[in-house]
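Peer 1: Mind folding the following:
(one chain, ligands or ions: 2)
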Amino acid sequence: MNIAVIGAGYVGTTTSVAFAEYGHKVIVVDHDLKKIEKLQQSILPFYEEGIEDLLKVLITKGNISFTENVNSAINQSDLLFITVGTPSLDDGVADISYVEEVARTIGQHMNDHKIIVIKSTVPIGTGDKVKDIINEELANRNKQIPFDVVSNPEFLREGKALHDARYPERIVIGCNSKKAEKEMKDLYKEVNAQLLITSVKDAEMIKYASNTFLATKISFINELARLCEKMGVDITNVAKGMGLDSRIGPQFLHAGIGYGGSCFPKDVKALKALSLQEKIPLHILEAVTHINDTQAEWFMQKVKNTLGDLSGKRIAILGLTFKPDTDDIREASSIKIIDFLIKNQAVISAYDPKGIEHVKKIFPSITYTSTPFEALQGADAIILVTEWKDIIEIDWKAAKNSMNQPFLFDGRNALNASRMVKLGYSYFGVGLPSN
Ligand SMILES: NC(=O)c1ccc[n+]([C@@H]2O[C@H](COP(=O)([O-])OP(=O)(O)OC[C@H]3O[C@@H](n4cnc5c(N)ncnc54)[C@H](O)[C@@H]3O)[C@@H](O)[C@H]2O)c1
Ligand SMILES: O=c1ccn([C@@H]2O[C@H](COP(=O)(O)OP(=O)(O)O[C@H]3O[C@H](CO)[C@@H](O)[C@H](O)[C@H]3O)[C@@H](O)[C@H]2O)c(=O)[nH]1
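Peer 2: Residues are numbered from 1 along each chain as shown. Ligands and ions are numbered 1, 2, ... in the order given. Model (predicted):
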């Protein structure tokens, strides 16, 4: 099939690669010329393992190409995917202006039947808006060209984007026409995944419901961790015990210093805002946000209560990105933690395998190191913020010996607590009995 993907970001690029691998002919469009020029040389605008190598092969084969010429991309393709960003406005409402802009462009350029597929995460009713905009533009051109609007939300995770795009667990297709349904089923016929066909609005809601539910699980376990810690209960055992019940499941019950990234914080806000607009407030999301907003601070109070006055104390921050295997620092807990430490006049040295360049732009005056070991030399405490493999697997015995005092605050419960205590650390996790 001939596909145009409009928006060469995380989702656009990764899903295009997966489509191209499945043998479709994909043209990826972005209005950012610099991004397009880099992608033409297989250089990604973000870090994601495996995609650049694959891009080289697919470009050489001619299965994927990159352009800023949206007109020709639209008219060479049957399926037009919209994968532009939908960031939060000040009141939390999702900004769909980029989606609307693309819809307008499509209406201005399309010359025959198209299936317009919204892959961006959009508020319920956006499919109808996109339809209205395209009809408006066609009317301006005195054209009557049939088209379908489909919602096909994306569920990939950063750090595992290629795997998730290649092997999705489910494919949700929201459409209101048999023709579109058939084309979408053909598009994914090589993919071994559960397929759900719904209305456009249902599919739009499925995406928000999924992300907000996962965020709810995290905030639930994080708040419970605070109580467990107070009462001498181990949250990791509680999560394990809960997760053994298949109705609950073990995933997303890992207590820590809060969720970050470009999706959960934004999507929780967007659904909350939507519910307020409809006057059916989702109170649960108020609590989910509040817990997440205060989790890093709750953890840092423990650091302060343990270490006393932080002024002049040398603190090593291990991990800066919002999760491992990405260079993304959007809404990362590290930002709140560094901010807290700066306000308390601590001396910070920070390490991350991929995120330093981005964090440097926010905090230019702290020290950044190229290994975890350098960061913790002479430190009064380590704060583990992101559970990168190369951080978890350092020689913790040698690390302790090179610190000024062995305080270890594990914000992800990523280390073996009893082993760390045996090594001589004063170890603090999230929701653990000894804390
Ligand atoms: N990042 C993820 O892991 C993820 C996963 C699932 C869903 N989503 C959703 O997918 C959408 C895209 O997210 P992303 O992370 O890929 O965003 P992104 O910011 O990485 O990329 C968006 C791209 O769209 C381009 N763009 C904007 N307006 C354009 C226009 N008019 N014409 C051409 N290009 C245009 C931008 O230049 C940018 O390159 C969002 O709605 C997001 O919530 C993201
Ligand atoms: O038990 C857990 C699981 C995750 N997290 C945190 O939650 C955040 C998000 O993690 P994850 O969901 O793995 O990353 P994302 O790449 O943001 O992916 C989410 O957001 C995407 C964008 O919408 C969706 O497509 C994915 O399905 C959804 O998992 C990170 O800060 C994690 O540290 C926890 O604190 N505890």
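Peer 1: rest of the way, CA atoms for contacts and neighbours
Peer 2: Noted.
Peer 1: how close does the residue of the chain most remote from its centre sit to residue 77?
Peer 2: Relative to the C-alpha centroid of the chain, counting by Cα atoms, centre = their mean, residue 142 is the outermost residue, at 41.6 Å. Residue 142 sits 22 Å away from residue 77 when distances are taken as Cα to Cα, to the nearest Å.
Peer 1: Next one: residue 150 from ligand 1, what distance?
Peer 2: Between residue 150 and ligand 1 the computed distance is 15 Å (Cα to the nearest ligand atom, to the nearest Å).
Peer 1: helix/strand/coil for that residue?
Peer 2: strand (DSSP: H, G, I helix; E, B strand; the rest coil).
Peer 1: Tell me the spacing between it and ligand 2.
Peer 2: Taking Cα to the nearest ligand atom, one finds residue 150 at 18 Å from ligand 2.
Peer 1: Quick check, that residue in contact with residue 126.
Peer 2: No - the pair residue 150 / residue 126 is not scored as a contact, 10.5 Å apart, by Cα atoms under 8 Å.
Peer 1: Phi and psi next, for the residue in the stretch 1-150 of the chain that ligand 2 sits nearest to.
Peer 2: When scored by Cα to the nearest ligand atom, the stretch 1-150 of the chain has residue 121 as its residue closest to ligand 2, at 7.1 Å. Backbone torsions for residue 121, taken as degrees, to the nearest 10, come to phi -80, psi 120.
Peer 1: Contacts only, for it.
Peer 2: 86, 153, 154, 204, 207, 208 (Cα atoms under 8 Å, 6 or more residues apart in numbering).
Peer 1: Out of those residues, who's the most crowded?
Peer 2: residue 204 (28 neighbours; other Cα atoms under 10 Å).
Peer 1: returning to what we had before: can you add secondary structure and give the contacts of residue 121 back as CSV?
Peer 2: Shown next, in CSV, are those (three-state DSSP):
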residue, secondary structure
86, coil
153, coil
154, coil
204, helix
207, helix
208, helix
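Peer 1: contacts with ligand 1 among those, please.
Peer 2: Applying Cα under 6 Å from any ligand atom to those, one finds that 86, 154 fall near ligand 1.
Peer 1: what's the closest of the contacts of residue 121 to ligand 2?
Peer 2: Among the contacts of residue 121, residue 154 lies closest to ligand 2 (Cα to the nearest ligand atom), at 5.6 Å.
Peer 1: Residue 150 and residue 126: which is more packed in?
Peer 2: residue 150 (30 against 19).
Peer 1: So what does the residue farthest from the centre of the chain look like in phi/psi?
Peer 2: phi 50, psi 40.
Peer 1: for residue 123, helix, strand, or coil?
Peer 2: Applying three-state DSSP: residue 123 is coil.
Peer 1: Surely it and residue 274 touch.
Peer 2: Yes - shown here, residue 123 and residue 274 form a contact pair, counting by Cα under 8 Å, at 7.4 Å.
Peer 1: And those two? Which one has more around it.
Peer 2: Comparing residue 123 with residue 274 by other Cα under 10 Å, the one with more neighbours is residue 123, at 22 against 19.
Peer 1: Quick check: pLDDT value at the more buried one.
Peer 2: Per-residue pLDDT puts residue 123 at 98.
Peer 1: At which residues are the helices of the stretch 1-150 of the chain located?
Peer 2: Per DSSP state H, counting those that start in this stretch, the stretch 1-150 of the chain carries helices over the ranges 10-21, 33-40, 51-61, 70-75, 97-109, 126-140.
Peer 1: Single out the most deeply packed of those helices.
Peer 2: helix 10-21 (a mean of 24; mean count of other Cα atoms under 10 Å).
Peer 1: For that helix, output the C-alpha coordinates as CSV.
Peer 2: This file holds the C-alpha atoms of helix 10-21, laid out as CSV (Å, rounded to 0.1, in the frame of the first residue of the first chain):
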residue,chain,number,x,y,z
TYR,A,10,8.7,9.5,17.6
VAL,A,11,5.5,7.9,16.5
GLY,A,12,5.6,8.9,12.8
THR,A,13,9.2,7.7,12.3
THR,A,14,8.8,4.5,14.2
THR,A,15,5.5,3.4,12.8
SER,A,16,6.7,4.3,9.3
VAL,A,17,9.7,2.0,9.7
ALA,A,18,7.4,-0.8,10.8
PHE,A,19,5.0,-0.2,7.8
ALA,A,20,8.0,-0.2,5.4
GLU,A,21,9.3,-3.5,6.9
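Peer 1: what about that helix, near ligand 1?
Peer 2: Yes - shown here: helix 10-21 in contact with ligand 1 (Cα under 6 Å from any ligand atom) through 10, 11, 12.
Peer 1: can you narrow the residues you listed to ones near ligand 2?
Peer 2: Okay, of the residues of helix 10-21 next to ligand 1, nothing touches ligand 2 (Cα under 6 Å from any ligand atom).
Peer 1: picking that back up, residue 71 versus the residue farthest from the centre of the chain, what's the distance?
Peer 2: Distance from residue 142 to residue 71, counting by Cα to Cα: 18 Å.
Peer 1: quick one: contacts for the residue farthest from the centre of the chain?
Peer 2: Contacts of residue 142 by Cα under 8 Å, 6+ apart: none found.
Peer 1: I'd say residue 304 and residue 311 touch.
Peer 2: No - the criterion here is Cα under 8 Å, and residue 304 misses it with residue 311 at 10.2 Å.
Peer 1: what about the residue in the stretch 251-400 of the chain positioned nearest to ligand 1, neighbour count?
Peer 2: For the stretch 251-400 of the chain, the residue closest to ligand 1 is residue 263, as judged by Cα to the nearest ligand atom, at 5.4 Å. The burial count assigned to residue 263 is 21, neighbours taken as other Cα under 10 Å.
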